[in-house]
Every structure is written in structure tokens, then in C-alpha cells.
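A.B. asks: Sequence first, predicted coordinates after that:
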Amino acid sequence: MGLAFIIATCIQLQGVFTRLWHKDYRSDLPPRVMKAVFTIGHIGFAGRGAAFLSLAILFIKDAGGVDPKDPSTHEYSMVANALQQLQQNRGTRAILMIIGILLVAYGLFATLSSWARVFPTPSPSRERPVPFTVMQECEDMELAPPEVEECELAGE
């Protein structure tokens, strides 16, 4: 289980350190707005990476077995044991608080993405089969007959 969380951490860190996912967002919005969305996104991906990394560490640590002398161990739940370990001192509680704040940033980013992201996600070539302005016009169906046929073909 810990290995899966390490892989998930690496995937989240790709979102932090690269801009590959920026191409999935609309290009018709003001640059300031998109810069804010992208900044919140990078912070949010860092939060998710931190959460996954902490879970990976705790799962790997807990996989070693339960210490019967430790009163905080819960033999029935690895997650309960991990959370109990994190709540034992101020330093780890602070880490939990920071991770929580970063995850709230990711939630805000996910909410903004529902507005700023291009749906459906473009193909890997990032070339639109139908230009964005034509797509908007097709939705309104206020086009001349030849262009309406183009919209019908694009919808198939």
C-alpha cells in the first residue's frame, strides 16, 4: 500500500514541477486569472503530494508490525494507527495542519478548474478539430446552414 502512495506522490509532484497540465485550460481568459488558477493548482498539487507521501511513510512504517508496548497502536486499523501517530506531538500536528490547508487549496483549484478547464480534455496533440469560437456558435445554433453542417459533423 505504501508503494502505491509513493507512486501517487510522484504523479502529484509532476503537477507541481511541470506545466504540462496548463494546456488543458482555456486560452480566452485574462492572463491574471489564469496565473492565479495555475498558482493555486501548483500549491494544491503540492498538498496532495504531501498527503500521499505522509500516508506512504506511515503505511510503510506501520507495515513493520504493531508494537504491543505502544498505547497508541490500533491493531484493527492502519489508518487509525497512522493518524494517532501524527497527533502525538506538536510538530506532526503542525504538519497535518499545513497539509490540510494545502488540500483546501487543491479543493479551490478543483472548483476553479470546473470553470476554467476545457471540457472535454483536448487530444494529446492539443489541436482542436473545431475552433473554440465555432464550438460556441454551434452551441447557440445561430449559424448559417453550411456552418451548421460543420457543427453536426464535429459532434459525431
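C.D. replies: On my side now, so go ahead.
A.B. asks: any idea how far residue 103 lies from residue 118?
C.D. replies: Here the criterion is Cβ to Cβ, to the nearest Å. By it, residue 103 lies 25 Å from residue 118. C-beta coordinates here come from the backbone N, C-alpha and C atoms, glycine included.
A.B. asks: any idea which element the nearest residue to residue 104 once chain neighbours are set aside lies in?
C.D. replies: If the residues on either side of it in the chain are set aside, residue 104 comes closest to residue 47, at 7.9 Å by Cβ to Cβ, 6 or more residues apart in numbering. According to DSSP states H and E, residue 47 maps onto helix 31-63.
A.B. asks: need the contact list for the residue nearest to residue 104.
C.D. replies: Contact analysis of residue 47 by Cβ atoms under 8 Å, 6 or more residues apart in numbering lists 99, 101-106.
A.B. asks: tell me the pLDDT at it?
C.D. replies: At residue 47, the model reports a pLDDT of 91.
A.B. asks: Going along the chain, name the strands of this protein.
C.D. replies: Ranges of strands in the chain, per DSSP state E: none exist.
A.B. asks: Give me the buried stretch members for stretch 109-121, please.
C.D. replies: 109, 112-113, 116, 118 (16 or more other Cβ atoms under 10 Å).
A.B. asks: swap that for stretch 55-64, please
C.D. replies: Buried, per 16+ other Cβ under 10 Å, within stretch 55-64: 55-59, 62.
A.B. asks: tally of neighbours for residue 22?
C.D. replies: Neighbour count for residue 22, taken as other Cβ atoms under 10 Å: 12.
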